[in-house]
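**Q** okay, here's the prediction I keep looking at, along with the sequence it came from:
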Amino acid sequence: MAAEFRESALRELSLSDRALFRTFGAGPIRTPPFDHVHHAFETHAARRPHLTAVEHLGESLTYAELDARAGLLAEFLVRAGVRPGDHVGLFLTRSISMVAGILAVLKAGAAYVPQDAGTTSEAQLRHVVRTARIDVVLTTSEDVLPGHLAEVVAIDTLPAVNTFCRTITSDSDVAAVVFTGATGVRVSHTNLCNLLLTTPGSLGIAPGTRVSQLLDLACDLAMWEVLGTLANGGTLVIGDERTASEVDVVIATPDVLSSLNPEACHRVRTVAVAGERCPRPLADTWSSRVAFHHAYGPTEVTIAATVQRRDAGSGRLTIGRPVPNATTYVLDEDLSPRPIGGIGELWVGGAGVTAGYAGDLDLTSRRYRPDPFLGGDHLMFRTGDLGRWTEDGELEHHGRAGDQVEVLGYRFELNAVTEALEGAAGCERATTLVHDGRLVGFISPGTAAPDVARRAVSQRLPHYCVPTLIVPLDTLPTTDRGRVDRRALLSCLDGRRSPVGRS
């Protein structure tokens, strides 16, 4: 069973494409067992109090211990004036205190706003506090924050209290405000439960399943790691690439996943990758060993709107099909559906669509639109990405809508060139950009041969898609969100820093 689309919104399609639009565009209808993510955690704490909930650097807490610590901190927040619907900053580094802080804010009926205190600039922290209207910030005594930021509470300095009376508070609709640059996305409990507590987003996590926590807490994928584990009764293992060998499930960006040695991760049985385009060689390597989930979705549609369960040896890497209760549309500039197989802009509707941007109604109104296919008060989100449906109902990603460039009078998508570069022998990752009117490719690792990469592009694409310059690098520079840092690459080419490689 799937969502019902309004017939009037499909009238420009042929009868056959209407049927495929309905079949391809809607994920199955599922009812998550909880509507607030911390309620799922509390249920596991009551049923399995002695099960290990979180580990970090030799320290661990059981579900009962973590629930008690989060409950005490929640009561402290309530007595400090935090009310349901408030936004509480969580400015610290990855730790068990981070996990307790997340749960405490949710138990207090508020929404947490995560930022990594070790990497985020003072200007960004102040912008987040101002934009999200934060009055209270949770941190630890080891994390250094700017002065006069807000009321600051160090989680690890609170007194240990075994018994206390909890103040009953109502639950908030919004669970977190996740910043993507200057804008904060309001992610609801319903959004999270829909992904984390249904298949495939639950990733088979169950009591006893060990899940890595590798990502910056400000990244939306960190919600999948932390809350996805605790809502399903798993054990969260906070660490780095070394601890990945000790877990069953890894959730990562392609950049982080590429830093892991598959040979050393012999225990890993499930991998989910999202956050940016995944190189096919990376997907091939891991899908031959584990259950590999290639997910797609910006923060505004709650981490993953579509997922491909990629099997070893499958012909192509796609972004899959809509997750339960989600809808996905390929539309033209007039928001009319494109014929099946035609390239258009991706819009996402259904249960994953978030509650807009904190403090920015204008941007919310431009990126979130009434959903003409579901009708009623449903909204859909404009991703800014291009895609098309395959004949068997999977979505192919065709780069950003603004990723189309013109070189030598020809228009084409940079993403197509990048994929061709990654198809070259010895190339594991690549990116492409235009610099001073020239098409430039960057390939990794540094041992990859430019001539081989250039030949791979010329065999797949027209002559004008072949980069003038191809630069091998040991690793491609990335932003703190794990995406390729094109600004850093351009700066290197402009000569503002040392040369980045050889041509």
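**A** Yep, it's here. Residues are numbered from 1 along each chain as shown.
**Q** how much space separates the residue of the chain most remote from its centre from Phe41?
**A** Note on the chain: the largest C-alpha distance from the chain mean falls to Thr163, namely 37.9 Å (CA atoms, centre = their mean). Distance of Thr163 to Phe41, given as CB to CB, to the nearest Å: 21 Å. Quick note: C-beta positions are derived from backbone N, CA and C, even for glycine.
**Q** low-confidence bits of the stretch 401-503 of the chain, can you list those?
**A** Residue ranges of the stretch 401-503 of the chain with pLDDT under 70: 402, 408-411, 480-482, 494-503.
**Q** how about the strands in it?
**A** Assigned strands in the stretch 401-503 of the chain, in chain order: 404-407, 410-413, 429-435, 438-444, 469-472 (criterion: DSSP state E, counting those that start in this stretch).
**Q** how about these in a markdown table, adding mean neighbour count and distance to Asp173?
**A** Formatted as a markdown table, the strands of the stretch 401-503 of the chain follow (neighbours: other CB atoms under 10 Å; distance: least, CB to CB, whole Å):
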| stretch | mean neighbour count | distance to Asp173 |
| --- | --- | --- |
| strand 404-407 | 14 | 38 |
| strand 410-413 | 14 | 38 |
| strand 429-435 | 22 | 38 |
| strand 438-444 | 23 | 43 |
| strand 469-472 | 21 | 48 |
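**Q** buried set for stretch 79-90?
**A** Buried residues in stretch 79-90, counted by 16 or more other CB atoms under 10 Å: Val82, Asp86, His87, Val88, Gly89, Leu90.
**Q** re earlier: so which of the strands of the stretch 401-503 of the chain is nearest Leu331?
**A** strand 404-407 (16.6 Å; CB to CB).
**Q** how about the contacts made by Val178?
**A** Val178 is in contact with Val113, Pro114, Gly184, Val185, Val187, Ala218, Asp220, Met223, Thr299, counting by CB atoms under 8 Å, 6 or more residues apart in numbering.
**Q** what would those residues look like in JSON lines with pLDDT, distance to Thr390 and neighbour count?
**A** Shown next, in JSON lines, are the contacts of Val178 (pLDDT from 0 to 100; distance: CB to CB, whole Å; neighbours: other CB atoms under 10 Å):
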{"residue": "Val113", "pLDDT": "98", "distance to Thr390": "39", "neighbour count": "26"}
{"residue": "Pro114", "pLDDT": "97", "distance to Thr390": "36", "neighbour count": "27"}
{"residue": "Gly184", "pLDDT": "95", "distance to Thr390": "35", "neighbour count": "24"}
{"residue": "Val185", "pLDDT": "96", "distance to Thr390": "29", "neighbour count": "24"}
{"residue": "Val187", "pLDDT": "98", "distance to Thr390": "30", "neighbour count": "25"}
{"residue": "Ala218", "pLDDT": "93", "distance to Thr390": "34", "neighbour count": "21"}
{"residue": "Asp220", "pLDDT": "94", "distance to Thr390": "27", "neighbour count": "26"}
{"residue": "Met223", "pLDDT": "98", "distance to Thr390": "30", "neighbour count": "27"}
{"residue": "Thr299", "pLDDT": "94", "distance to Thr390": "26", "neighbour count": "21"}
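**Q** in those, find the pair that's most separated.
**A** Gly184 and Met223 (13.8 Å).
**Q** Val307 contacts Phe292, doesn't it?
**A** No: using CB atoms under 8 Å, Val307 is not in contact with Phe292, being 10.4 Å away.
**Q** next, show the common contact partners of these two.
**A** Between them, Val307 and Phe292 share no contacting residue, judged by CB under 8 Å, 6+ apart.
**Q** avg pLDDT for the helix or strand harbouring Arg126?
**A** Element membership of Arg126, judged by DSSP states H and E, is helix 122-132. Taken as a whole, helix 122-132 has an average pLDDT of 93.
**Q** can I get stretch 229-236 as CSV, trimmed to CA atoms?
**A** Extracted in CSV, the C-alpha atoms of stretch 229-236 (Å, rounded to 0.1, in the frame of the first residue of the first chain):
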residue,chain,number,x,y,z
THR,A,229,20.9,3.2,17.6
LEU,A,230,19.3,4.0,20.9
ALA,A,231,15.7,4.0,19.5
ASN,A,232,16.3,0.4,18.4
GLY,A,233,18.1,-0.9,21.5
GLY,A,234,21.6,-1.1,20.0
THR,A,235,25.0,-0.1,21.5
LEU,A,236,26.5,3.1,20.3
